[in-house]
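>>> The sequence and its predicted three-dimensional model are supplied below.
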Amino acid sequence: MTGMKTAARLYKSAFIFTLSILSFYSCSNDDDDEELGNWVDRSVFDGSPRSSVSGFVIDNIGYMGVGYDGDDYLNSFWSYNMEGDYWSQKADFPGVPRNAAVGFQVDGTGYIGSGYDGVDELSDFYAYNPSSNSWSPIASLPDTKRRSAVAFGANGYGYFGTGYDGENDLKDFWKYDPTADTWTELEGFGGNKRRSATTFTINGLVYLGTGISNGVYLDDFWVFDPATESWTKKLDLDEEDDYDVARSNAVGFELNGYGYIACGEQSGATNTVWEYDPSTDTWEQKTSFEGATRQDAIAFSNSSRAFIGMGRTGTLYLDDLDEFFPFDEYDDED
Amino acid sequence: MRKITIIVATILILGLFLYGVTHLSFDEKVQEPILRKEVIKVHNGYGYQIFSGEKLLVQQEFIPAVRGNQPFQSAKDAEKVAKLVIDKIRNRTSPKISIDELKEMEIVILGQ
């Protein structure tokens, strides 16, 4: 009698257990469907040529704007609050709508300039004051217009170089002095001319690499010391046989003392991520970016958290916001 | 024999419990996120928030696209713009608001 009861209980448990498994699977199927939907949404854009948005980080806020959505060149401008994980639309960029511009930050002021408006390369620059949410024009680059350049702020100055002027790839560098509002040419970059390169800054030193010229992804890698304004060559990006760092239109950022080059183009969009250790001058492959491969993305890093934004031009599809994610945990997962 | 039955039953119940927990959390995830707007009171005026389910997507303490830190002059204005943002997200277009759209909706912008 007791045995019967136990057996009945056993069968009942087994039955519920089986039901649970079935409903578990059906739920996970639903979940897959939902992800598939997101994927379809992405694929609409991933096949078409992308052009970059521009931005900078001030404290815990990432700013990004301009860009090209496949139809129009854009002038809308957004802030991403890293703490609160939400977006706000800020004052429109006042220059002509554009893509492939540069963005950098010097002493709490953001700058966006240069780029391409669909017809011409551009040389104008604008400064953004985050506390007054306002833009003002600054001095234009003298004698040179271009797109797909790099720029960074260091030591109270802005630095701008490489890129494409509509006819040639370039290797010259310029220094912007915010106090005097002047640009002066800076000699000494020994690297190749290129466009769509990437930089990141670790402990005040700026690392520059990747990019493309005449269809070739460049392998040279450089560090700039703002204190002496001198460039030093580091080990090439193909130093080890298993390195696959060379690419163009990637994003670069610093996180916890390491440099990262992520996503971009390697004869097609890629989502691979490489980590640079400045103490050993070596590269290590990390977990690839989750989601669709992309180029011309944007990265926000405040050094302790990093977010990669969609390489999807200036259009910001807010239901894709979960694609901005911190890299903090990824060291453990490799 | 009885011992085995008890062990098997324990394992099954444990499995049931674990799957039950997973099952419940899946149920929550599967729910369609609902877009909703909320007008917020800010210093000297109004702003809005856009939520997807519980997740805050957009917080607009000042009128979008407009230079300076200017809040909406009325809750009605904030609501109109928030509604347009939700429509744009639903249509899977960029939720950006332009100065022209603000003018079309007759949003009060001071000093313009």
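Alright, I've got the coordinates.
>>> Ramachandran angles for the residue in the stretch 151-300 of chain A positioned nearest to chain B?
Residue of the stretch 151-300 of chain A nearest chain B, by CB to the nearest CB: A:Ile298 (14.9 Å). Where C-beta positions appear, they are placed from N, C-alpha and C, glycine not excepted. Dihedral pair for A:Ile298: phi -130, psi 140, per degrees, to the nearest 10.
>>> all strands of chain B, in order?
Taking DSSP state E as the test, the strands found in chain B are B:35-42, B:45-52, B:55-60.
>>> The shortest one near chain A anywhere?
So the one you mean is strand B:55-60. Yes. Strand B:55-60 is in contact with chain A by CB under 8 Å from any CB of the partner chain, via B:55-60.
>>> Pull the number of nearby residues for the nearest residue to A:Val251 once chain neighbours are set aside.
In space, A:Val251 comes closest to A:Ala299 once its chain neighbours are excluded; the distance is 4.0 Å by CB to CB, 6 or more residues apart in numbering or on different chains. Using other CB atoms under 10 Å in any protein chain shown, A:Ala299 is surrounded by 26 other residues.
>>> per-residue pLDDT, the residue of the stretch 151-300 of chain A closest to chain B?
For A:Ile298, the pLDDT comes out at 77.
>>> quick one: low-confidence parts of chain B?
B:1, B:15-33, B:112 (pLDDT under 70).
>>> Give me the domain ranges for it.
Chain B breaks down by automatic domain parsing into domains covering B:1-31, B:35-104.
>>> Pick the most buried one from these.
Among the domains of chain B, ranked by average contacts under mean count of other CB atoms under 10 Å in any protein chain shown, first place goes to domain B:35-104 (a mean of 18).
>>> quick revisit: which one, of the domains of chain B, ends up nearest to A:Ala154?
A:Ala154 lies closest to domain B:35-104 among these, at 28.6 Å (CB to CB).
>>> Span of the closest one from start to end?
24 Å (CA to CA, to the nearest Å).
>>> what's the offset of that domain from the middle of its chain?
12 Å (CA atoms, centre = their mean, to the nearest Å).
>>> ok, now stretch A:208-224?
Averaging C-alpha positions (CA atoms, centre = their mean) puts stretch A:208-224 17 Å from its chain's average.
>>> My understanding was that the residue of the stretch 151-300 of chain A closest to chain B contacts A:Phe56; is that so?
No. Using CB atoms under 8 Å, A:Ile298 makes no contact with A:Phe56, being 9.8 Å away.
>>> The two - which one has more neighbours?
A:Ile298 (27 against 24).
>>> now A:Gly190, nearest residue through space, not along the chain?
Nearest to A:Gly190 is A:Trp231, by CB to CB, 6+ apart, at 5.8 Å.
>>> so who does that neighbour touch?
A:188-191, A:222-224 (CB atoms under 8 Å, 6 or more residues apart in numbering or on different chains).
>>> Need these in CSV (columns: pLDDT and neighbour count).
Output for the contacts of A:Trp231, formatted as CSV (pLDDT from 0 to 100; neighbours: other CB atoms under 10 Å in any protein chain shown):
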residue, pLDDT, neighbour count
A:Gly188, 86, 10
A:Phe189, 93, 18
A:Gly190, 92, 11
A:Gly191, 94, 19
A:Trp222, 98, 17
A:Val223, 98, 17
A:Phe224, 98, 23
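>>> For A:Gly65, give its distance to chain B.
To chain B, A:Gly65 is 9 Å away according to CB to the nearest CB, to the nearest Å.
>>> looking at it, that residue is touching A:Trp78, isn't it?
Yes. Taking CB under 8 Å as the definition, A:Gly65 is a contact partner of A:Trp78 at 6.0 Å.
>>> What are the contacting residues of stretch A:93-101?
A:51-54, A:65-68, A:72-77, A:112-117, A:122, A:124, A:126, A:135, A:137, A:147-148, A:313-314.
>>> Give me the buried subset of those.
A:51-54, A:65-68, A:73-77, A:112-117, A:122, A:124, A:126, A:135, A:147-148, A:313-314 (16 or more other CB atoms under 10 Å in any protein chain shown).
>>> Now, those residues that are in strands?
A:54, A:65, A:77, A:112-116, A:122, A:124, A:126, A:135.
>>> okay, and the common contacts of A:Gly65 and A:Trp78?
Counting by CB under 8 Å, 6+ apart, the residues touching both A:Gly65 and A:Trp78 are A:Lys90.
>>> Now do the same for the nearest residue to A:Tyr126 once chain neighbours are set aside: its pLDDT.
Leaving out its chain neighbours, the residue that sits closest to A:Tyr126 by CB to CB, 6+ apart is A:Trp135, at 4.8 Å. Per-residue confidence (pLDDT) for A:Trp135: 98.
>>> I'd assumed A:Asn75 was in contact with A:Trp135.
No. A:Trp135 lies out of contact with A:Asn75 (CB under 8 Å); the separation is 10.1 Å.
>>> For A:Ser76, give me its contacts.
Contacts for A:Ser76 (CB under 8 Å, 6+ apart) come out as A:65-66, A:89, A:92-93, A:314, B:65, B:94, B:96-98.
>>> residue in the stretch 51-200 of chain A nearest to chain B?
A:Gln89 (3.5 Å).
>>> What about that residue, how many residues nearby?
23.
>>> Give the full set of residues in contact with it.
Residues near A:Gln89 by CB under 8 Å, 6+ apart: A:76-78, B:58, B:60, B:64-65, B:95-97.
>>> Which strand or helix spans it?
Following DSSP states H and E, one finds A:Gln89 within strand A:86-90.
>>> and that strand with strand B:55-60, angle?
20 degrees (axes from the mean of the first three to the mean of the last three CA atoms, to 10 degrees).
>>> ok, then the element right after strand A:86-90?
On the C-terminal side of strand A:86-90, the nearest following helix or strand under DSSP H and E is strand A:102-106.
>>> Would you enumerate the residues in contact with the closest residue in space to A:Thr272 that isn't next to it in sequence?
Once flanking residues are discounted, A:Thr272 sits nearest to A:Ser288: 5.2 Å by CB to CB, 6+ apart. Residues in contact with A:Ser288, defined by CB under 8 Å, 6+ apart, are A:271-273.
>>> If you rank the residues you listed by neighbours, which is first?
Counting neighbours by other CB under 10 Å, A:Val273 comes out on top of the contacts of A:Ser288 with 22 neighbours.
>>> give the contact list for it.
A:260-263, A:285-289.
>>> got the phi/psi numbers for it?
Torsion angles, degrees, to the nearest 10, at A:Val273: phi -130, psi 130.
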